[in-house]
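In: dropping the sequence and predicted coords here.
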Amino acid sequence: MTGLGPELRIFLRQRLAGPTLALLALLSAISVGAGILEIRRQTETIARIQPLQAAEEAAVAAWVSRDGDAGNAAYYTFHATWDRPSALAFAALGQRDVAPYVLRVRALALESQIHEGENYNAELALPGRFDWAFVLTFLAPLILIVLMHDLVSGEREAGRLQALQAAGARLGLWAHRAGLRLGLVFLAVAAPFAVGAGMSGAKAAEVLALLTAAGLYLAFWTLVCLGVGALGRSSVANGAVLAATWVVLTLVLPALAHIVINSANPVRQGVELTLAQREAVHAGWDKPKDATLTAFFRVHPEWRNTPPVTSGFHWKWYYAFQHLGDLSVADPVLAYRRGLESRDAWTARTGLVLPAVGVQTTLHRMAGTDLAAQLAYQDRIRAFHERLRRFYYPYIFNETPFREGDFAKAPRWAEGG
Amino acid sequence: MPDLTAAEPAIDVRDLCVDRGGSPILKDLRLSVNAGEVYALLGGNGAGKSTTLAVLMGLLRPASGSVRVMGLDPATQADAVRRRIAYLPETVALYETLSAYENIAYFLGLSGARPSREEMDAALDAAGLQAGARTRRTGGFSKGMRQKVAIAMALLREVPVLLLDEPTTGLDPVATADFNRLVGGLRARGAAILMVTHDLLGAADCADRIGVLAGGGIVEEAPAREGLDVLALHRRFGEAAAG
């Protein structure tokens, strides 16, 4: 067995080896840079919204506190919520480029506020971001194929194979060479990521876990290359078979799986929930106030014995039918969520047999940019909204004046919800 | 070089049969090469010359028969056999991006040897490669120069057996004579050399014995001594190859 130095010398002196690796490292660096810029933009947006929120709240407070109307305070005050990206989000943007990461909510009906942001341009979302996960999932295997398709066949075609075998080359030589190529490809992909992770302040254990997933994925493709090479065909044939394998495993089968999963788990669009809830809320204007309030007091009996609504507009009645609007879509919202979770679960199962799907699912989960993270943010918004309602209800139902000092007591969005 | 003067031949092939794709390539081939002897195995295209070499290197398993290289069975002791063999293909293919020194270090490194620069120079001197060429990348080397590098490797490995596959094909007469001198030098060191070729004249020039392979076996074997009627052998060789 030869040492690393001679093998490295032979490999790197091949005409295309160095430039190919350099290209991969460059693409990896660009994807990391693009991811960091996107996450920085999101972080800056989150930072920028906080002083703006304070300024707007002060303006509303100055205006509302003149007549002390709590209904106006609840109606006109937007409360900022945000989902801060994890330190690894730059590597796998996942849902962060299509789902809202900042949402300003009011104490009105919530579900339409959550889901109206899901009305995005599907054509723009389809190609996805050029992030590090994309480079790892789609481009790195191609580079491995370029570097490994002729591992043995190239030696045979150059007339060296028999001489190598006669000189003592064993299976270990090919494993050594395959390992070298795998290591260099991994280095070209991982080094820019490690730099990006360092800049983002990611924890070493998280970085290591993500790199392990990346290494296993590349090892899978190395085994595919070795398996195809072991069939003893020419380099051209190996290249063609491996390219076809890449197309099938990274494009065709994941796309088919996506279609099958979506067909098997039909999910209404979020914007339909928005529409359904708004129709329910708007219908509240035409219903008798007693019926609305009776229904509301069934879920909030603590406000049953407050001063009655006699005639005309009253905030009690207004916030009651707002909340009933949320309750009216509770079942479809739950079904929507279950549908999304079911799709996600099936996608994860698909990842067990399709490594390209598996590695993407894993990276998004590790980076906190997957569907679960998006739904967790929605759950935190719902919990926050509940606190908002319960903060405003005593003022509204007891008809207590809402003064400037009361704004300071309003719930604030915290990172945890 | 190890002592090769023992009674047992360095290469001993008895009743060797090899099939490829259901067709017999070698049928009851009998062949032996002693230490310090050059055996030229002549044969037409497809006669089974390269197949014989592949069997000797343990790259191909025989259907039947006995094969021994330095007393070892290549079919079951391939690694041990290869450690005792140097193989020169028709076209010595080196790593073209490496220098002669680097190629030698690499190929010898495969069997765990680590020759010093002085040892490599001594071998390359013996093989006749110019000093100025040794640090150059071998991509620009002629066939003869590449053969010299391969011979230097064989010298450094001190192997008792050399297998030469069509070594003089494509060489001009001067380079052929040069190569034959090298083979003579290796023989003088005690190596057993099996050279497969269809260059009868070259074989007569440097071999001790000449065997004609046809129909899967040796149809004629003659000592290549002074007075050998090369023309008559050539005629018989042609008839055997055609028949």
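Out: Arrived safely, thanks for sending.
In: which intervals of the chain have sub-threshold pLDDT?
Out: In the absence of a named chain, this looks at chain A. A:1-2, A:117-128, A:415-417 (pLDDT under 70).
In: oops, wrong one, chain B.
Out: Residues of chain B that meet the cut-off, pLDDT under 70, sit at B:1-7, B:226-227, B:240-243.
In: show me where it has its helices.
Out: Ranges of helices in chain B, per DSSP state H, are B:49-56, B:78-82, B:100-109, B:117-127, B:143-157, B:173-188, B:200-206, B:230-242.
In: relative to A:Ala22, which of those helices is closest?
Out: helix B:100-109 (23.2 Å; CB to CB). Quick note: C-beta positions are derived from backbone N, CA and C, even for glycine.
In: what is the orientation angle of the closest one with helix B:117-127?
Out: Here the directions of helix B:100-109 and helix B:117-127 differ by 100 degrees (axes from the mean of the first three to the mean of the last three CA atoms, to 10 degrees).
In: can helix B:100-109 be found next to chain A?
Out: Yes. On the criterion CB under 8 Å from any CB of the partner chain, helix B:100-109 is in touch with chain A at B:Glu102, B:Ala105, B:Tyr106, B:Phe107, B:Leu108, B:Gly109.
In: distance of the last one from B:Leu98?
Out: Spelled out, that is B:Gly109. Here B:Gly109 is placed at a distance of 12 Å from B:Leu98 (CB to CB, to the nearest Å).
In: and what of the second one?
Out: B:Ala105 sits 9 Å away from B:Leu98, going by CB to CB.
In: hang on, the earlier thing: make a markdown table out of the helices of chain B and add mean neighbour count.
Out: Below are the helices of chain B laid out as a markdown table (neighbours: other CB atoms under 10 Å in any protein chain shown):
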| stretch | mean neighbour count |
| --- | --- |
| helix B:49-56 | 23 |
| helix B:78-82 | 19 |
| helix B:100-109 | 23 |
| helix B:117-127 | 17 |
| helix B:143-157 | 24 |
| helix B:173-188 | 17 |
| helix B:200-206 | 20 |
| helix B:230-242 | 15 |
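In: and of those, who's closest to A:Leu182?
Out: So among the helices of chain B, helix B:100-109 is nearest, using CB to CB, at 20.8 Å.
In: quick check: residues of chain A near chain B?
Out: So chain A meets chain B at A:1-3, A:6, A:9-10, A:13-14, A:158-160, A:162-170, A:173 (CB under 8 Å from any CB).
In: in helices only, show me the residues you listed.
Out: Per DSSP H, the residues of chain A next to chain B map to helices at A:Pro6, A:Arg9, A:Ile10, A:Ala158, A:Gln162, A:Ala163, A:Leu164, A:Gln165, A:Ala166, A:Leu173.
In: phi first, then psi, for the nearest residue to the third one once chain neighbours are set aside.
Out: Read it as A:Ile10. Nearest residue to A:Ile10, sequence neighbours excluded (CB to CB, 6 or more residues apart in numbering or on different chains): B:Tyr95, at 5.5 Å. With angles defined as degrees, to the nearest 10, B:Tyr95 sits at phi -80, psi 110.
In: I'd say B:Tyr95 and A:Arg160 touch.
Out: Yes. If you go by CB atoms under 8 Å, B:Tyr95 and A:Arg160 touch, sitting 7.4 Å apart.
In: returning to what we had before: what's around the residue nearest to A:Ile10, how many residues?
Out: 21 (other CB atoms under 10 Å in any protein chain shown).
In: gap between it and A:Gly154?
Out: 11 Å.
In: buried residues in stretch A:290-299?
Out: Neighbour-count burial for stretch A:290-299, with 16 or more other CB atoms under 10 Å in any protein chain shown as criterion, is recorded at A:Thr292, A:Leu293, A:Ala295, A:Phe296.
In: which among these gets closest to A:Pro394?
Out: Looking across those and measuring by CB to CB, the closest to A:Pro394 is A:Phe296, at 15.0 Å.
In: now do the spatially closest residue to that closest one that is not a sequence neighbour against A:Glu111, distance only.
Out: Once flanking residues are discounted, A:Phe296 sits nearest to A:Ala320: 3.7 Å by CB to CB, 6+ apart. Here A:Ala320 is placed at a distance of 16 Å from A:Glu111 (CB to CB).
In: what of B:Tyr106?
Out: Taking CB to CB, one finds B:Tyr106 at 69 Å from A:Glu111.
In: contact partners for B:Pro24?
Out: Residues in contact with B:Pro24 (CB atoms under 8 Å, 6 or more residues apart in numbering or on different chains) are B:Cys17, B:Val18, B:Ala63, B:Gly216.
In: determine which two of these are furthest apart.
Out: The span of the contacts of B:Pro24, defined through CB to CB, is set by B:Ala63 and B:Gly216 at 11.2 Å.
In: the two - which one has more neighbours?
Out: B:Gly216 (19 against 13).
In: which non-adjacent residue is nearest that one?
Out: B:Gly216 sits nearest to B:Lys27 (CB to CB, 6+ apart), 3.4 Å away.
In: is it true that that neighbour touches B:Gly217?
Out: Yes. In this structure B:Lys27 lies within contact range of B:Gly217 using CB under 8 Å: 5.5 Å.
In: A:Ala80 - that's part of a strand, no?
Out: Yes. Read with DSSP: H, G, I helix; E, B strand; the rest coil, A:Ala80 is one of the residues of a strand.
In: could you measure from the residue nearest to it when sequence neighbours are not counted over to A:Ala376?
Out: Counting by CB to CB, 6+ apart, A:Gln53 is the residue found nearest to A:Ala80 once chain neighbours are left out, at 4.4 Å. Counting by CB to CB, the separation of A:Gln53 from A:Ala376 is 22 Å.
In: the more surrounded of the two?
Out: Between A:Gln53 and A:Ala376, counted using other CB under 10 Å, A:Gln53 has the larger neighbour count: 18 against 14.
In: PyMOL command for the buried members of the residues of chain A next to chain B?
Out: Of these, the buried ones go into a single PyMOL selection, burial set by 16+ other CB under 10 Å:
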select buried, chain A and resi 2+6+9+10+13+14+158+160+162+163+164+165+166+167+168+169+173
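In: within range of chain A, give me the residues from chain B.
Out: Within chain B, the residues that sit near chain A (CB under 8 Å from any CB) are B:54, B:57, B:59, B:79, B:82-83, B:85-87, B:89, B:91-95, B:97-98, B:102, B:105-112, B:150, B:153, B:163.
In: residue contacts, B:Asp12?
Out: Residues in contact with B:Asp12 (CB under 8 Å, 6+ apart) are B:Leu31, B:Ser32, B:Ser66, B:Val67, B:Arg68, B:Val69.
In: among those, name the buried ones.
Out: If we count by 16+ other CB under 10 Å, the contacts of B:Asp12 have these buried: B:Leu31, B:Ser32, B:Val67, B:Arg68, B:Val69.
In: and of the residues you listed, the nearest to chain A?
Out: B:Val69 (11.7 Å; CB to the nearest CB).
In: now do the contacts for the nearest residue to that closest one once chain neighbours are set aside.
Out: Distances taken as CB to CB, 6+ apart put B:Val81 closest to B:Val69, at 4.8 Å, once the chain neighbours are dropped. Contacts for B:Val81 (CB under 8 Å, 6+ apart) come out as B:Leu56, B:Met57, B:Gly58, B:Val69, B:Met70, B:Leu72, B:Asp73, B:Pro74.
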